[in-house]
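1. Predicted model and sequence below, questions to follow.
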Amino acid sequence: WSPAGSYTLILESSSGWPLADGTYSNCTIQANIGTALETNLLTISTFTIDSSFTWPGGILADLEVWLDTQDSATLFQEPCGTGTTPAVNNNDPIGCWQDKSGNGNHASASGSARGALSTDSINTSQDTVFFDGVDTYYPDIVNLGTQKTIFVVFQRTDSNNRWLWNWSASVSSAFIPNWSSRTYFYTNSWTSVTPPAFNANTYYVATGEYTSSTTSLFINENATSTISGTANVNTTGNFNLGRYSSAAYTFLGDVAELIIYDRVLSSAEQDQVQDYLGCKYVLSGTFECWPTLKEVTQIGLTSDPNPN
């Protein structure tokens, strides 16, 4: 532990939290700290419990893209940089889907390539961007690089051959939820599973993991439902959402949220982001939902019983 200051921790409790969200003063917390799991009492002058994470699952490091349809302040009808008409009504075009990561990696499209706002699409209360299967396409959102972790909440709405994302350097890397009754995760070679891992008209969290030498696709938070490859990842090209790199195989369905990290997240970090998404959209799966997962901001650590 460090001296008094401001800290952010992710704390988990299998039995739920006795405290509601809010700010608390002059508290003593019993915690297991260190590899030996010694029991320590931490005296904290002020701390805040907040179950609505500032960042996806509380994970900020190397967050590169965050597109969130539940934040209406990020949705505009014109392409990015050309207008500020909010997209608030059903079927309003989405010309600019602003990036919440702070990096300016917005999704921008013009004319018929724009998706449409689909209001109350998930659980009759949450919005999505609808991809029409003909023209909807958001190109060049971010450069590929060497390592990425990608999360997307989506549903496909037909059984035709369609691509959800692709890196524009030829067919370097792609996620194809359904192709001839198979799901493909492509990285310079084809890896697939049959029957398709993502059923039509069902929302999922898909997680794509790109290391410098391997790729994996995770379905919801089930680590056994994966498609893995060992091909080298192409380090050139930009991320395109909604179709193959040419005007073909355009996605038909809805996307609620897209999150990209510029590194490979640990298994625990992936779980936290998947929990955040699964719980936020009330998806089926083994998600650990709040109040058993909390972001706790400590301000003013007044004693350290085990400074070593």
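-> Now that the structure is in, tell me what you want to look at. Residues are numbered from 1 along each chain as shown.
2. pLDDT weak spots in the stretch 51-200 of the chain?
-> By pLDDT under 70, the low-scoring segments of the stretch 51-200 of the chain are 51-53, 168-172, 187-190, 195.
3. what about the strands in it?
-> 63-68, 75-76, 93-94, 96-97, 107-108, 115-122, 126-132, 148-156, 165-167, 173-179, 182-187, 190-193 (DSSP state E, counting those that start in this stretch).
4. Run through the neighbouring helices and strands of the second one.
-> Translated: strand 75-76. Helices and strands touching strand 75-76, by 3 or more Cβ pairs under 8 Å, 6 or more residues apart in numbering; DSSP states H and E, are strand 96-97. All C-beta atoms are positioned from the backbone trio N, CA, C, and that covers glycine.
5. which helices and strands sit right next to the strand it packs on?
-> Looks like strand 96-97 contacts strand 75-76, strand 107-108 (3+ Cβ pairs under 8 Å, 6+ apart).
6. Highest mean neighbour count out of the ones you listed?
-> strand 107-108 (a mean of 26; mean count of other Cβ atoms under 10 Å).
7. so what's I59 up against?
-> 261, 265, 269, 272-273 (Cβ atoms under 8 Å, 6 or more residues apart in numbering).
8. What about these, which are in strands?
-> Counting by DSSP state E, the contacts of I59 place Y261 in strands.
9. For the residue nearest to T82 when sequence neighbours are not counted, the count of nearby residues, please.
-> Nearest non-adjacent residue to T82, counting by Cβ to Cβ, 6 or more residues apart in numbering: G95, 7.5 Å away. Here the number of neighbours of G95 (other Cβ atoms under 10 Å) works out to 25.
10. sorry, back to before: can you add distance to E221 and give the strands of the stretch 51-200 of the chain back as a markdown table?
-> A markdown table is the format used below for the strands of the stretch 51-200 of the chain (distance: least, Cβ to Cβ, whole Å):
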| stretch | distance to E221 |
| --- | --- |
| strand 63-68 | 19 |
| strand 75-76 | 28 |
| strand 93-94 | 28 |
| strand 96-97 | 25 |
| strand 107-108 | 25 |
| strand 115-122 | 18 |
| strand 126-132 | 19 |
| strand 148-156 | 11 |
| strand 165-167 | 20 |
| strand 173-179 | 18 |
| strand 182-187 | 17 |
| strand 190-193 | 17 |
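11. Can you tell me which of those strands is packed in deepest?
-> For the strands of the stretch 51-200 of the chain, the highest mean count by mean count of other Cβ under 10 Å goes to strand 96-97, at a mean of 27.
12. Identify the residues contacting that strand?
-> 67, 69, 74-81, 106-108, 115, 129, 138.
13. swap the cut-off to 10 Å and go again
-> 67-69, 71, 74-85, 87, 106-110, 114-115, 117, 129, 138, 141, 241, 255, 258 (Cβ atoms under 10 Å, 6 or more residues apart in numbering).
14. just the buried members of these?
-> If you count burial by 16 or more other Cβ atoms under 10 Å, the buried members of those come out as 67-69, 74-80, 87, 106-109, 114-115, 117, 129, 138, 141, 241, 255, 258.
15. Could you report the neighbour count for Q270?
-> What Q270 shows, counting by other Cβ under 10 Å, is a neighbour count of 21.
16. any idea how far it is from V205?
-> 10 Å (Cβ to Cβ, to the nearest Å).
17. So which elements touch the helix or strand harbouring N240?
-> Using DSSP states H and E, N240 sits within strand 239-241. Judged by 3 or more Cβ pairs under 10 Å, 6 or more residues apart in numbering; DSSP states H and E, strand 239-241 is in contact with strand 63-68, strand 107-108, strand 148-156, strand 165-167, strand 252-261.
18. Just checking: what are the partner strands of the fourth one?
-> Same thing as strand 165-167. Take DSSP bridges as the rule and strand 165-167 pairs in its sheet with strand 173-179 (antiparallel), strand 239-241 (antiparallel).
19. Turn these into TSV, including distance to F151.
-> Below are the strands paired with strand 165-167 laid out as TSV (distance: least, Cβ to Cβ, whole Å):
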stretch	distance to F151
strand 173-179	11
strand 239-241	13
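20. how about those strands, which one is nearest E288?
-> Closest approach to E288 among the strands paired with strand 165-167 (Cβ to Cβ): strand 173-179, 25.0 Å.
21. what's the angle between that closest one and strand 252-261?
-> Strand 173-179 and strand 252-261 are oriented at 150 degrees to each other (axes from the mean of the first three to the mean of the last three Cα atoms, to 10 degrees).
22. A61: how many residues sit nearby?
-> A61 has 10 nearby residues by other Cβ under 10 Å.
23. Check whether it really touches V264, as I assumed.
-> No - between A61 and V264 there is no contact under Cβ atoms under 10 Å: 11.8 Å.
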